Every structure is written in structure tokens, then in C-alpha cells.
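After the sequence you'll find the predicted model.
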Amino acid sequence: MFFRLTSLELVLILVAVVFGATCLGIFLGRYVRHRSEHLREPLGVLQSALLGLVALVLAFGLALAVGRYESRRAAVVDDANDIGTTYLRAQTLPEPIRTRSLRLLVRYTDTSIRLSQSVPTTSKARQAVADGQKLQRQLWGLAGQALAEAPVASAPRLYVETLNTMIDQQTVRIAALNNRVPGPVLAVEVIFAAVALGLLGFYLAILGRGVLPVLFAAALICLLLLVTFDLDRPTRGLIRVPATPLTSLRASMELPPAAAAPSRP
């Protein structure tokens, strides 16, 4: 549910829920201030316990989001390394398989960059995955042809090994992009934070204390929730998974191949 929202919609919902609950608690506390002497002590204990529980839930959600973000970053680096190794080993293949494979690997790198720039589960992302799988089949066919022509040569065998790793890595990247913090966990974070801040505002209003601290706390909680949600949106928002390893690799492919084509015996 939250993943489909734009950044602006997400900010508006968080502010409305958290600040709305806080302001409601302050209003109710001021309304019953002179008739609730017996509520002060139990409310103090309750709001303290609830705030501690909310801190634990928020920390748990943030840890989940950070872990998934790091997994996506690592997947991009591994993907770039696997493509780069495959590209280098493709230069050792005999012609014309060498030239055709190098061209396909350049196009495959472009599809990987498109995948990094696409929102998961959208048509653009699905098209990037489909294009990549089509190129994988073509590359694998050429690799099989190279093996058939030189069954005892080491270069085609080494190339097939890294090509297989590169193909597997795309599955890892897709799984990492689609592995998000469960929606119920995020919903629990928002609901618990709203209830805890509403209760805190209610308690401070009953005591006749200033409400600016609770409003400041609500702003901090909103910011923390926004960071947690943003970490789980790899291609939207302010915190994105960089595609720098892939774009740097693509730029290096503009240079002439480092290894010349092997001469036929």
C-alpha cells in the first residue's frame, strides 16, 4: 500500500496521522484537565511504557529497511562486477562470436541500468527484465556455439562460467528490489507512533505543561518514519540505490576492448 504512494502523498499522510493524533490528544487533555486528577498517575505510567514500545517498533522497522537497502546496493555492485568480468572474458572468444557477444553485453548493461531506474513491479521494470532475459538467451546461445567449436579450449569454458554467474545475479537483483518491509509492519509503526504521541499530548495537556516538546517529538517521529519508508523505495524519494557501478562500467565499454581477438590455429 505505502509503496505505491508518491513521496508527497506519503509525507501528507504521515503528517496528517501523526500530527492529527497529537493535536487531538492535546485538545482532549485540555478539555478534561480540571476533572481528571485521578488519571494523571496511571496515564504517566501508560504513556511511558507505550513510548518505550514505540521506540522499539520504530527501531525494528528502521533496521529492516536499512538491511534491505544495503542488500540492494550490494546486488548492484555484484551485478556490475559480474557483467564486467563477463565482458573481459568475452574478449578472449574467437571471432565472430567475440564481437557479437561484446555488443550484446553492452546492450545487457543498458538493460541493467534501466532496471535500476525503474520502479519495481511497474511495466517499465518488467520490460527491462524481459529485455535482459532475451539478451541472456542470445549470449548463452553464442557461448554454446563457442564451446562446440573449441570443446577443449579454456577460454570458452571460463566465459561460460562467468556468464552463468551474471545470469544468476539478475535474479538476485530482482529479488532484492521486490523484497520490501511488509506493509503490516509499516502500518503498525504509524499507528503505534500516532497513539503514543496522542497519549503523550493528552498527558502533558492534563498536567498543564507546554505542548511544544510533544509537537517537536511528532516532527521527529514523522522524519524517522519518512526515512524508514524512503529506504524501502529504491528508485523513488530522496534515498535511492545508486547505479554508479553500472554507469561506470557502461562508460568503460566505450573504450576499445583491452584484449585482441585470438588468432585461429
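Happy to help now that I have it.

What are the boundaries of the helices in the stretch 151-265 of the chain?
For the stretch 151-265 of the chain, the helices defined by DSSP state H, counting those that start in this stretch occupy 154-178, 183-207, 212-231, 244-252.

ignore the last one, the stretch 1-150 of the chain
Remark: helices assigned in the stretch 1-150 of the chain by DSSP H, counting those that start in this stretch are 7-31, 40-90, 97-116, 123-149.

Compare the ones you listed and report which one is nearest to residue 224.
Checking the helices of the stretch 1-150 of the chain against residue 224 by C-beta to C-beta gives helix 40-90 as the closest, at 5.9 Å. C-beta here means a position set from N, CA and C on the backbone, and glycine is covered the same way.

Dump the helices of the stretch 151-265 of the chain to JSON lines, plus mean pLDDT, mean neighbour count and distance to residue 17.
Output for those, formatted as JSON lines (pLDDT from 0 to 100; neighbours: other C-beta atoms under 10 Å; distance: least, C-beta to C-beta, whole Å):
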{"stretch": "helix 154-178", "mean pLDDT": "92", "mean neighbour count": "18", "distance to residue 17": "26"}
{"stretch": "helix 183-207", "mean pLDDT": "83", "mean neighbour count": "20", "distance to residue 17": "5"}
{"stretch": "helix 212-231", "mean pLDDT": "86", "mean neighbour count": "18", "distance to residue 17": "9"}
{"stretch": "helix 244-252", "mean pLDDT": "94", "mean neighbour count": "16", "distance to residue 17": "36"}
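
Name the residues of stretch 251-260 that are buried.
Of the residues in stretch 251-260, residue 253 count as buried by neighbour count, 16 or more other C-beta atoms under 10 Å.

what do you get for stretch 22-31?
22-23, 25-26, 28-30.

Buried deepest among the helices of the stretch 1-150 of the chain, which one?
Highest mean neighbour count among these (mean count of other C-beta atoms under 10 Å): helix 97-116, with a mean of 20.

Which elements pack onto that helix?
helix 40-90, helix 123-149, helix 154-178, helix 244-252 (3 or more C-beta pairs under 8 Å, 6 or more residues apart in numbering; DSSP states H and E).
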